[in-house]
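Asker: just coords:
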């Protein structure tokens with residue numbers, strides 16, 4: 001039931017899944033490709049250092065990213081991959097001092113970002129009592145994924161990440177089904193049987209749904225699947241998103257003012273950073289309210 005969601009999480013278990021820029025070699029500012037369409041003022045090719053990256057690997061305009069049109073930077077989160085690549089995979093040797101390490105370091109960063117993101121989802125899944133029946137397989141998969149993140153750079157570059165993601169996704173889908181089913185039951189008990197509105201019948205929910213600019217304020221999204229949905233500039237004001245699977249959903253400029261995201265499933269800081277919220281937006285306790293929200 002929705003009331004069975006944990007009120008808090010052990011933050012220590014997520015510390016290694018949060019970006020620690022002080023122990024990273026500015027990898028997101030170099031390894032990633034920037035596109036103007038993704039919230040950057042200009043395009044930048046992967047492997048090319050951002051013009052704002054300083055010699056100490058700090059951003060020279062960090063305090064004014066959004067006002068300078070660098071919205072993509074202000075929303076980004078590497079799930080702790082930056083410091084792991086810098087300090088573990090490459091033992092603290094940066095790409096400036098050892099130029100030959102640059103290309104493999106950037107490639108490993110892309111791989112570690114995916115693995116660290118999977119760890120974020122698996123960690124959350126293990127806190128959910130609704131998924132108790134599969135906590136054993138979830139724990140085993142989390143431990144396996146953790147081991148993969150500590151492989152040598154050479155081994156990581158040979159890793160079939162897509163295959164591993166597919167294995168993890170099987171468990172995450174099962175987790176989602178268990179949580180969403182319980183959320184829908186709780187909603188029915190709380191509100192009683194209801195008939196879907198005409199608007200809801202017209203809206204195609206589910207994986208990859210195109211909901212760009214959609215007015216979803218009157219749509220019952222409790223326990224829905226919004227996996228990979230395009231929610232760009234969607235109106236979600238006051239919407240109940242408890243028990244809703246948000247994995248991979250694009251929340252860029254989605255209006256979540258007053259929405260209840262407190263028990264949304266697989267929500268990330270990047271998604272919140274990309275959205276528009278306010279003081280009335282309810283959040284999970286393990287995520288931070290973005291500073292630019294009203």
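Answerer: Received it, and whenever you're ready, just let me know what you need. These figures come from a predicted structure and were not determined experimentally. Numbers count the residues shown, from 1 in each chain.

Asker: Now the residue nearest the centre of the chain: phi and psi?
Answerer: The centroid of the chain falls nearest to residue 268 when counting by Cα atoms, centre = their mean (3.4 Å). Torsion angles at residue 268 (phi, psi; degrees, to the nearest 10) stand at phi -120, psi 160.

Asker: mind listing what it touches?
Answerer: 77, 117, 120, 287 (Cβ atoms under 8 Å, 6 or more residues apart in numbering). For glycine as for every other residue, the C-beta is placed from the backbone atoms N, C-alpha and C.

Asker: What helix or strand is the third one located in?
Answerer: Secondary structure from DSSP states H and E places residue 120 in helix 102-125.

Asker: C-terminal to that helix, what's the next element?
Answerer: Assigned by DSSP H and E, the successor of helix 102-125 is helix 135-149.

Asker: Assign residue 48 to helix, strand or coil.
Answerer: coil (DSSP: H, G, I helix; E, B strand; the rest coil).

Asker: What count of nearby residues applies to it?
Answerer: For residue 48, the count of nearby residues is 14 (other Cβ atoms under 10 Å).

Asker: Same question for residue 63.
Answerer: With other Cβ under 10 Å as criterion, residue 63 counts 9.

Asker: now do residue 184
Answerer: With other Cβ under 10 Å as criterion, residue 184 counts 16.

Asker: chain center to the helix holding residue 120, what's the gap?
Answerer: The chain centre lies 12 Å from the centre of helix 102-125; the measure is Cα atoms, centre = their mean, to the nearest Å.

Asker: returning to what we had before: which of the contacts of residue 268 lies closest to residue 27?
Answerer: Nearest to residue 27 among the contacts of residue 268, counting by Cβ to Cβ, is residue 77 at 12.8 Å.

Asker: about what we covered before: and the helix holding residue 120, what's buried?
Answerer: Residues of helix 102-125 classed as buried: 102, 104-125 (neighbour count, 16 or more other Cβ atoms under 10 Å).

Asker: so that helix versus helix 135-149, what angle?
Answerer: Here helix 102-125 runs at 160 degrees with respect to helix 135-149, directions being taken by axes from the mean of the first three to the mean of the last three Cα atoms, to 10 degrees.

Asker: How is the protein partitioned into domains?
Answerer: If you go by automatic domain parsing, the domain ranges for the chain are 2-24+78-179, 195-294.

Asker: ok, and the closest non-adjacent residue to residue 48?
Answerer: residue 30 (7.1 Å; Cβ to Cβ, 6 or more residues apart in numbering).

Asker: Share the number of residues neighbouring that neighbour, please.
Answerer: 21.

Asker: Same check on the one 5 residues further on?
Answerer: Around residue 35 sit 12 other residues, with neighbours defined as other Cβ under 10 Å.

Asker: mind checking how far the closest residue to it other than its chain neighbours is from residue 107?
Answerer: What sits nearest to residue 35 in space, not counting adjacent residues and going by Cβ to Cβ, 6+ apart, is residue 43, at 5.6 Å. Separation of residue 43 from residue 107 (Cβ to Cβ, to the nearest Å): 20 Å.

Asker: Then residue 124?
Answerer: In terms of Cβ to Cβ, residue 124 sits 27 Å off from residue 107.

Asker: what stretches of the stretch 101-250 of the chain score poorly on pLDDT?
Answerer: 188-204 (pLDDT under 70).

Asker: in the top helix by length along the chain, what's buried?
Answerer: Taking DSSP state H as the criterion, the chain has its longest helix at helix 161-191. Along helix 161-191, these residues count as buried under the neighbour rule (16+ other Cβ under 10 Å): 161, 164-165, 168, 171-172, 174-176, 178-180, 182-184, 186-187.

Asker: now do stretch 136-147
Answerer: Buried, per 16+ other Cβ under 10 Å, within stretch 136-147: 138, 141-142, 145.

Asker: Could you do stretch 82-94 as well?
Answerer: By 16+ other Cβ under 10 Å, the buried positions in stretch 82-94 come out as 82-86, 89-90, 94.

Asker: can you check stretch 148-164 too?
Answerer: In stretch 148-164, counting by 16+ other Cβ under 10 Å, buried: 148-149, 151, 153, 156, 161, 164.
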